[in-house]
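Novice: Below is the structure, and that's it, no one-letter string:
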Ligand SMILES: [Zn+2]
């Protein structure tokens, strides 16, 4: 746990962040019940990881990602399968 009031002489590098190509996720709190979906687990050859505070939030981001990056629609069947791949992190 980092405290901003601690006078660290150097800026904290952001190298520990996951290299996701889109960063609409809010938060970064530790210990929260976050959900995570690896796009690869959805059947795409893709390194993107979608996170959110709920399954709905993850799915809300999966749709635009799949449309923009993979040029395909999330079918109801895909949504159902993808929902089953979402894991707690
Ligand atoms: Zn993807």
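Specialist: Yep, it's here. None of the values given here were measured: they were computed from a predicted structure.
Novice: Could you use CA atoms for every contact and neighbour count after this?
Specialist: Fine.
Novice: Following element in sequence after the helix ranked longest in the chain, please.
Specialist: Secondary structure of the chain per DSSP state H: the longest helix is helix 55-70. Using DSSP states H and E, the helix or strand that follows helix 55-70 in sequence is helix 76-83.
Novice: what's the average pLDDT for that next one?
Specialist: For helix 76-83, mean pLDDT rounds to 93.
Novice: Could you name the helices and strands sitting against that helix?
Specialist: Secondary-structure packing of helix 76-83 (3 or more CA pairs under 8 Å, 6 or more residues apart in numbering; DSSP states H and E): helix 55-70.
Novice: Flag every residue of this structure that's near the ion.
Specialist: Listed as neighbours of the ion in the chain under the rule CA under 5 Å from the ion: 39, 46.
Novice: Report all helices and strands that the longest helix of the chain contacts.
Specialist: Helix 55-70 packs on strand 35-38, strand 49-52, helix 76-83, going by 3+ CA pairs under 8 Å, 6+ apart.
Novice: got those as JSON lines, with mean neighbour count and distance to residue 58 columns?
Specialist: What follows is these, written out as JSON lines (neighbours: other CA atoms under 10 Å; distance: least, CA to CA, whole Å):
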{"stretch": "strand 35-38", "mean neighbour count": "20", "distance to residue 58": "7"}
{"stretch": "strand 49-52", "mean neighbour count": "23", "distance to residue 58": "5"}
{"stretch": "helix 76-83", "mean neighbour count": "14", "distance to residue 58": "9"}
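Novice: Next, format the ones you listed as TSV and append distance to residue 64.
Specialist: Formatted as TSV, those follow (distance: least, CA to CA, whole Å):
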stretch	distance to residue 64
strand 35-38	14
strand 49-52	11
helix 76-83	13
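Novice: Relative to residue 69, which of those is closest?
Specialist: strand 49-52 (12.8 Å; CA to CA).
Novice: Look up how far residue 64 lies from residue 47.
Specialist: 16 Å (CA to CA, to the nearest Å).
Novice: How about residues contacting the longest helix of the chain?
Specialist: If you take CA atoms under 8 Å, 6 or more residues apart in numbering as the criterion, helix 55-70 is touched by 35, 36, 37, 50, 51, 52, 72, 73, 74, 79, 83, 86.
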